[in-house]
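Participant: sequence unknown, structure follows:
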């Protein structure tokens with residue numbers, strides 16, 4: 001007896017349909033808006049909700065994989081799209097969450113993994129994270145929310161390759177959150193806020209992050225955010241400063257770049273004892289590097305060029321070591337030291353082609369050329385008004 005290909009196909013389908021399912025995954029046919037899941041779950045379709053919560057994760061150690069499907073609320077701005085509370089080792093991936101108050105709401109936990117998710121148009125935060133530790137947030141996107149990522153009282157977490165775009169307030173805000181690592185994240189085009197904001201947050205490490213075209217500063221540290229380490233980060237085209245520090249001391253900046261920001265490239269306000277090594281500030285709207293009431297900073301190997309005012313400006317800032325820096329083609333002076341800045345040591349710096357002086361020192365004292373500061377082996381060439389005021393600083 002001959003068996004046709006059609007008969008074989010139908011028999012195969014019958015066998016597959018009658019076999020018991022193996023594994024622990026539950027598919028979206030059993031998941032509705034407002035559900036609490038307690039086993040690994042994969043969505044097979046979109047959820048459109050009028051409930052106050054989309055999906056609640058209800059057990060440690062499980063995975064929700066939305067497989068690219070969305071969870072959308074029809075009444076904008078209430079509740080959380082995906083809610084996790086007081087859990088460990090939970091994974092949420094490949095979910096699109098729209099139109100809630102909080103896209104992803106995580107309140108207390110450890111070992112949480114959020115990866116490949118998207119949060120759009122949520123009235124408060126795309127990702128609202130409170131009191132978590134030892135967790136990973138990777139390759140997530142947040143757009144058109146108020147906050148992209150709001151992270152509070154959370155420590156020892158890793159944020160990598162996340163992107164926030166077009167949020168109204170801050171891109172990433174860390175409040176009272178320390179010892180976190182941020183790598184290769186991007187914050188761009190916030191309407192009013194900073195790209196990255198650190199409030200009362202210390203001992204964090206930032207590497208290779210980018211902040212561009214945000215309404216305020218690219219990176220901003222305030223309220224005693226200290227001992228943070230920034231390396232190879234870039235701030236471009238932001239409405240405020242590229243990197244701003246307010247009341248935040250003992251931070252370390254290495255090989256960061258601030259270009260074409262409306263304010264200063266690097267601004268330190270009441271933020272002393274910070275180390276700046278081989279950073280670059282180009283074409284910013286005010287100063288390249290600005291220090292106000294910020295003393296005791298080692299400033300080495302940095303470059304300021306084509307800024308709209310001075311390359312380096314020091315106001316009420318004393319006792320810093322300023323060495324091997326370059327100020328070139330700035331609209332005002334290469335280096336400006338005001339009358340209340342004394343005890344600084346400037347050595348082996350270069351000031352070239354600035355439209356003012358190479359060096360201006362308005363202080364008085366027993367230092368070089370009657371100033372209150374010491375100058376050694378500094379060079380100046382091609383500056384419009386001359387090498388220095390007073391003469392003798394080169």
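Facilitator: Done, it's in. Since the structure is predicted, the reported quantities are computational estimates derived from the model, not experimental observations.
Participant: And the closest residue to residue 61 other than its chain neighbours, how far from residue 110?
Facilitator: Using CB to CB, 6 or more residues apart in numbering and skipping the chain neighbours, the partner closest in space to residue 61 is residue 89 (4.6 Å). Just so you know, the C-beta spots here come from the backbone N, C-alpha and C atoms, and that holds for glycine as well. Going from residue 89 to residue 110 by CB to CB, to the nearest Å gives 8 Å.
Participant: The two: who's more crowded?
Facilitator: residue 110 (18 against 15; other CB atoms under 10 Å).
Participant: was I right about that one contacting residue 154?
Facilitator: No: when contacts are counted by CB atoms under 8 Å, residue 110 is not listed as touching residue 154 (9.9 Å).
Participant: Common neighbours of those two, please.
Facilitator: 132, 133, 135 (CB atoms under 8 Å, 6 or more residues apart in numbering).
Participant: and of the residues you listed, the nearest to residue 173?
Facilitator: residue 132 (14.9 Å; CB to CB).
Participant: My reading is that residue 221 lies in a strand. Confirm?
Facilitator: Yes: under DSSP: H, G, I helix; E, B strand; the rest coil, residue 221 falls within a strand.
Participant: What helix or strand is the closest residue to it other than its chain neighbours located in?
Facilitator: Sequence neighbours aside, residue 248 is the residue nearest to residue 221 in space, at 4.2 Å (criterion: CB to CB, 6+ apart). Using DSSP states H and E, residue 248 sits within no helix or strand.
Participant: just to revisit the earlier point, with pLDDT as extra columns, can I get the shared contacts of residue 110 and residue 154 in TSV?
Facilitator: As requested, the shared contacts of residue 110 and residue 154 are exported to TSV (pLDDT from 0 to 100):
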residue	pLDDT
132	98
133	98
135	98
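Participant: how many neighbours does residue 63 have?
Facilitator: Neighbours around residue 63, by other CB under 10 Å: 18.
Participant: OK, contacts around it?
Facilitator: Residue 63 touches 40, 41, 90, 91, 92, 93, counting by CB under 8 Å, 6+ apart.
Participant: which residues pair with the fourth one across the strands?
Facilitator: Here residue 91 sits in beta bridges with residue 63, residue 113, going by DSSP bridges.
Participant: And it, what's its pLDDT?
Facilitator: In the predicted model, residue 91 carries a pLDDT score of 98.
Participant: Contacts only, for it.
Facilitator: Residue 91 neighbours (CB under 8 Å, 6+ apart): 62, 63, 64, 112, 113, 114, 115.
Participant: pretty sure the third one is in contact with residue 87, am I right?
Facilitator: Pointing back at residue 64 there. No: using CB under 8 Å, residue 64 makes no contact with residue 87, being 11.6 Å away.
Participant: So those two - more neighbours on which side?
Facilitator: The residue with more neighbours, out of residue 64 and residue 87, is residue 64; 23 against 20, by other CB under 10 Å.
Participant: The more buried one - nearest residue in space that isn't next to it in sequence?
Facilitator: That would be residue 92: by CB to CB, 6+ apart, it lies 4.8 Å from residue 64.
Participant: So what's the residue count around residue 356?
Facilitator: Quick note: residue 356 (other CB under 10 Å) scores 21 neighbours.
Participant: residues contacting it?
Facilitator: So residue 356 contacts 310, 330, 331, 332, 333, 334, 383, 384, 385 (CB under 8 Å, 6+ apart).
Participant: same thing with residue 389?
Facilitator: So residue 389 contacts 357, 359, 360, 361 (CB under 8 Å, 6+ apart).
Participant: sec struct for the closest residue to residue 392 other than its chain neighbours, please.
Facilitator: Among residues not flanking residue 392 along the chain, residue 369 sits closest, at 3.8 Å (CB to CB, 6+ apart). Secondary structure, three-state DSSP: residue 369 is helix.
Participant: Just the local confidence number for residue 369, please.
Facilitator: Confidence score, pLDDT, at residue 369: 98.
Participant: Could you report the separation of the residue nearest to residue 237 when sequence neighbours are not counted from residue 157?
Facilitator: Ranked by CB to CB, 6+ apart and with sequence neighbours excluded, the top spatial neighbour of residue 237 is residue 213, at 4.6 Å. Residue 213 sits 26 Å away from residue 157, going by CB to CB.
Participant: Can you report how many residues neighbour residue 388?
Facilitator: So residue 388, with other CB under 10 Å, has 25 neighbours.
Participant: tell me which residues form a beta bridge with it?
Facilitator: residue 359.
Participant: which ones are touching it?
Facilitator: 357, 358, 359, 360, 361, 369, 380, 394.
Participant: what do you get for residue 34?
Facilitator: Counting by CB under 8 Å, 6+ apart, residue 34 has contacts 49, 51, 52, 53, 54, 56.
Participant: Are any of those buried, and if so which?
Facilitator: Those of the contacts of residue 34 that meet the buried threshold are 49, 51, 53, 54, 56, by 16 or more other CB atoms under 10 Å.
Participant: The third one contacts residue 83, correct?
Facilitator: Yes: under the criterion of CB under 8 Å, residue 53 lies in contact with residue 83, with a separation of 5.2 Å.
Participant: what's the pLDDT at the residue nearest to residue 237?
Facilitator: 98.
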